[in-house]
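Asks: Okay, predicted coordinates and the sequence, questions at the end:
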Amino acid sequence: MEFLDFLESRKIITGDQKRLVENVMASSILFGVLALKENLVTPEQIERVILKQFNGSIKKIGEILVEEGILTEEEVKKILKKQKSLSVPCDGIIIDLGVLEEKELADAREAHRRFLEGADA
């Protein structure tokens, strides 16, 4: 049994909290994969930073890598731009976290579309 599954089974965290943690971890892993592809970091550096996050650091992976002198701010921005183009749309995350139900999300999307078109200005 994975650690997060254990926490959820013991009702220490909710399913929503578990998904939040998984999404944060996946985000760090995607950032790490992109940094590796660019030959900016080593697998050992990424593993060490992700373990720091897992052990309680609230800093983002890019922040930690800059603090440790592994990446520059510009390299982090480049990776984040690439990551954003590959990321899962936020709708799924919003629903997964239980922030909104699908109908509420659809209504919010429609209201946002109208706002952008100036109909609700």
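Replies: Yep, it's here.

Asks: report the longest helix in this structure, please.
Replies: Longest helix in the chain, counting residues (DSSP state H): helix 15-37.

Asks: List the buried residues for the next helix or strand after that one?
Replies: Under the assignment DSSP states H and E, the closest C-terminal helix or strand after helix 15-37 is helix 43-54. By neighbour count on 16 or more other CB atoms under 10 Å, the buried set for helix 43-54 is 45-46, 49-50, 53. Using the backbone N, CA and C atoms, a C-beta is placed for each residue, glycine as well.

Asks: tell me which strands and helices the longest helix of the chain is in contact with?
Replies: helix 3-9, helix 43-54, helix 61-67, helix 73-86, helix 90-96 (3 or more CB pairs under 8 Å, 6 or more residues apart in numbering; DSSP states H and E).

Asks: So Ile79 sits against Gly62, correct?
Replies: Yes - the criterion here is CB atoms under 8 Å, and Ile79 meets it with Gly62 at 6.9 Å.

Asks: what touches both of these two?
Replies: Common neighbours of Ile79 and Gly62, using CB atoms under 8 Å, 6 or more residues apart in numbering, are 31, 71.

Asks: The two - which one has more neighbours?
Replies: Ile79 (24 against 21; other CB atoms under 10 Å).

Asks: what's around the closest residue to Thr72 other than its chain neighbours, how many residues?
Replies: Once flanking residues are discounted, Thr72 sits nearest to Val66: 6.9 Å by CB to CB, 6 or more residues apart in numbering. By the measure other CB under 10 Å, the count of residues near Val66 is 17.

Asks: ok, now which ones touch Val66?
Replies: Contacts of Val66 (CB under 8 Å, 6+ apart): 72-73, 76.

Asks: ok, it to Asn55 distance?
Replies: The gap separating Val66 from Asn55 is 19 Å, by CB to CB, to the nearest Å.

Asks: now do Leu80
Replies: Distance from Leu80 to Asn55, by CB to CB: 23 Å.

Asks: Show me which of these two is the more surrounded one.
Replies: More neighbours surround Leu80 than the other of Leu80 and Asn55, with 16 against 7 (other CB under 10 Å).
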